[in-house]
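Asks: Kindly generate the corresponding structure for this input.
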Amino acid sequence: MYFLDTSAVIELLSGTSKGQAIKDLLGEDILFLSSLVVHELLIGFSEKDQVLIEQFLQEVHVVPFDEGSTRKSSSLERNLRKKGLTPGKVDILLAGSCLFHGFHFISCDKSFQQIKELPLSLF
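Replies: Coordinates of the predicted model:
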């Protein structure tokens, strides 16, 4: 089961070569997004693209950012800070949620490489 980052969704919806590579990997698997990714998509796309976003959201499962995700991301951030690493806040929240729910993370953002325990496909 795949958990998509905002960057991966943007590539998919934009029809780029990265988006096609992501689509090839995903195949017919069920896709999951964090409610945080939905927020980023809704504020990041123009009003004319909102229909495209809404259609895409009908095809995926949205995972709320819950208490388990909160606890996992807090622990993850604490451990990364001890190593001198400071990932972006939304990145750490997404990684924590992905790990808590047992998904494989798909992103185009290289900053996720610093989270070694995250099962990651990077494009």
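
Asks: pLDDT of the longest helix along the chain, averaged?
Replies: The helix that spans the most residues within the chain, counting by DSSP state H, is helix 67-82. Averaged across helix 67-82, pLDDT comes to 97.

Asks: I'd like to know which elements the next helix or strand after it is packed against.
Replies: Going down the chain from helix 67-82, the next helix or strand is helix 89-101, by DSSP states H and E. Here helix 89-101 touches strand 2-4, strand 31-34, helix 35-44, helix 67-82, strand 104-107, going by 3 or more CB pairs under 8 Å, 6 or more residues apart in numbering; DSSP states H and E. Just so you know, the C-beta spots here come from the backbone N, C-alpha and C atoms, and that holds for glycine as well.

Asks: rerun at 6 Å
Replies: helix 67-82 (3 or more CB pairs under 6 Å, 6 or more residues apart in numbering; DSSP states H and E).

Asks: And the contacts of the helix it packs on?
Replies: 92-93, 96-97, 99-100 (CB atoms under 6 Å, 6 or more residues apart in numbering).

Asks: make it 8 Å
Replies: For helix 67-82, the surrounding residues in contact (CB atoms under 8 Å, 6 or more residues apart in numbering) are 34, 86-87, 92-93, 95-97, 99-101, 114-115, 117.

Asks: in those residues, which two residues are the furthest apart from each other?
Replies: 86 and 101 (23.9 Å; CB to CB).

Asks: what about those two, which has more around it?
Replies: Higher neighbour count among residue 86 and residue 101: residue 101, with 16 against 12, using other CB atoms under 10 Å.

Asks: For that one, list the residues it contacts.
Replies: Contacts of residue 101 by CB under 8 Å, 6+ apart are 3, 32, 63, 68-69.

Asks: what's the spacing between the closest residue to residue 52 other than its chain neighbours and residue 57?
Replies: In space, and not counting its chain neighbours, residue 52 is closest to residue 13: 6.0 Å by CB to CB, 6 or more residues apart in numbering. Noted for residue 13: a distance of 11 Å to residue 57, by CB to CB, to the nearest Å.
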